[in-house]
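S.K.: sequence plus predicted model, see below.
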Amino acid sequence: MENIMTIISCITASSFEFKEGTYMDANNFIIYSIQLLQAQSEVPKQLNKISFVNVVLSEEFLFAFIKWLQNVQITLLAFENTTFVGKYNVTMGVQQPRISSIQFINMSSHPLIQRDTVFYGLGNWMSTLGKLTVMKSNLKAIPCDISLNFKYMSDLDLSENLLQEESLSSSFCSGAFPNLKILKLHRNNLVNYESVCQSLRKYNLLAHLDLSKNNFSRNSSFLCEWQPSLIRLNLSNTGLEHVYIGLPKNCEVLDLSHNKIEMLNISLARLKELYLSYNVFTTLSPMGNLPFLQVIAVDGNLIETLNRGQLQSFEHLRSFIGDNNRYTCSCSFVTEMREIVEMDWIVQNWPEGYICHSPPAVRDMLVDDVYRSFFDCHTHLLIVLICIIILLLSIAIIICFVKIHRSNKTRSSRTVSGNSNSVQL
């Protein structure tokens, strides 16, 4: 408790961090009640962040602390590497605190979110949260009774936990999180895209869904009708080889990067941004019906060449990302690339990210630094011309030889004829 008193000396700060230590006995608030009461009036009416880092914390102490700050607007209450102990005493009432968001990262225990029954007092104040983050905490499920308490939550981040399809279904039961708009399930144990879709498709306000770093490599083709509200979907690093899965029809931002996709044929009439970085594309071939595409990323693929026509097929394109590919710096490609850069598009990471992979003479050079001579660019034509010249010279030599031979033969005949006439005389 002595640690808590140190805030009095800096009570006008907008953020507080309690790092390391043990905060257990809420009765100690009584000992310092006079000092804390005096300090309470000095606390700013709005705090950006209060964080507990590397601490052991009892729920009873936490509620006493929150009660002390019940009239203060707190933007973020954060717990990192925190061990929660004890159990909240439901007889200790607390008014509704003014906390916008709570963050739990790497909890060694998590009694605040994994209960077999309703939240009791905890539910009374967490139900008003707008944002909740629970990361790296070995979370396997949120019981339905608890999920039903979050009536006003719009932003939920459950990344880097142990959620599976079955627990997802119970965690997002009917009536839970009715105002959910942003959901992040990055790096969990999800393997069935269809089941995930069935569990989440009921959310008609959900606009942003992050399913990255799960494993959907075994998914077969199926159609999934997402709500029209879903406009941003992240499926990066999910093991996809083909995209035959159901995509939200109103999607505006689609991230398929870090997969094993080599071709794409999708129809998303409202798509504005498409991220295909670090797949196995060998060419920027037609990708389907994407009439309003503005941003496309194909960096880190196996693409060897580009041309303006491929990019001009996207009529509204304004930004292109194509660095770190295996470009063959032929004369035509170098010319096309310079023309692409001079277009109205923004070519991201140009010129430092665009490096020649072949031919050997320019390997590892920047595309922008490659200047090939006329003879480099027209080697085949030069060979043909040389062959034609050699052929013509050969023909000319043969003709000359024939003429000389005939001329010599004619002279020889004349000489013989002249000699014969002389003998007859």
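M.R.: Thanks, I have the structure now.

S.K.: so how far is Phe222 from Asn188?
M.R.: From Asn188 across to Phe222, the span is 21 Å (CB to CB, to the nearest Å). In this view, the C-beta of every residue, glycine as well, is placed from N, C-alpha and C.

S.K.: tell me where this protein has helices.
M.R.: With DSSP state H as the criterion, the chain has helices at 2-5, 28-31, 33-40, 59-68, 121-126, 144-147, 165-171, 193-200, 308-312, 331-341, 374-377, 379-424.

S.K.: where among those is average confidence lowest?
M.R.: Of all those, the minimum mean pLDDT falls on helix 2-5 (a mean of 51).

S.K.: endpoint to endpoint, stretch 291-301 covers what distance?
M.R.: Counting by CA to CA, to the nearest Å, you get 23 Å between the two ends of stretch 291-301.

S.K.: where in the stretch 251-400 of the chain is pLDDT low?
M.R.: Within the stretch 251-400 of the chain, the stretches falling below the threshold (pLDDT under 70) are 372-382.

S.K.: apply 90 and report the result again.
M.R.: Counting by pLDDT under 90, the stretch 251-400 of the chain contains low-confidence ranges at 284-286, 307, 309, 330-332, 343-345, 361, 371-400.

S.K.: in it, which spans are strands?
M.R.: Counting by DSSP state E, counting those that start in this stretch, the segments of the stretch 251-400 of the chain that form strands are 253-255, 266-267, 273-275, 288-289, 295-297, 319-321, 327-328, 346-348, 356-358.

S.K.: paired strands for the first one, with orientation please.
M.R.: According to DSSP bridges, strand 253-255 has the following sheet partners: strand 232-234 (parallel), strand 273-275 (parallel).

S.K.: related to what we said a few turns ago, so which of the strands of the stretch 251-400 of the chain gets nearest Ser100?
M.R.: strand 253-255 (25.3 Å; CB to CB).

S.K.: now tell me what touches the closest one from outside.
M.R.: The list of residues contacting strand 253-255 from outside it, by CB atoms under 8 Å, 6 or more residues apart in numbering, reads 212, 231-236, 247, 268, 271-275.

S.K.: just stretch 180-189 next, same as before
M.R.: By CB under 8 Å, 6+ apart, the list of residues contacting stretch 180-189 reads 153-164, 168, 196, 200, 203, 205-214, 234.

S.K.: make it 6 Å
M.R.: Under the contact criterion CB atoms under 6 Å, 6 or more residues apart in numbering, stretch 180-189 has outside partners 154-164, 203, 205-214.

S.K.: drop anything exposed from the residues you listed.
M.R.: Neighbour-count burial (16 or more other CB atoms under 10 Å) is assigned, among those, to 154-161, 163, 203, 206-214.
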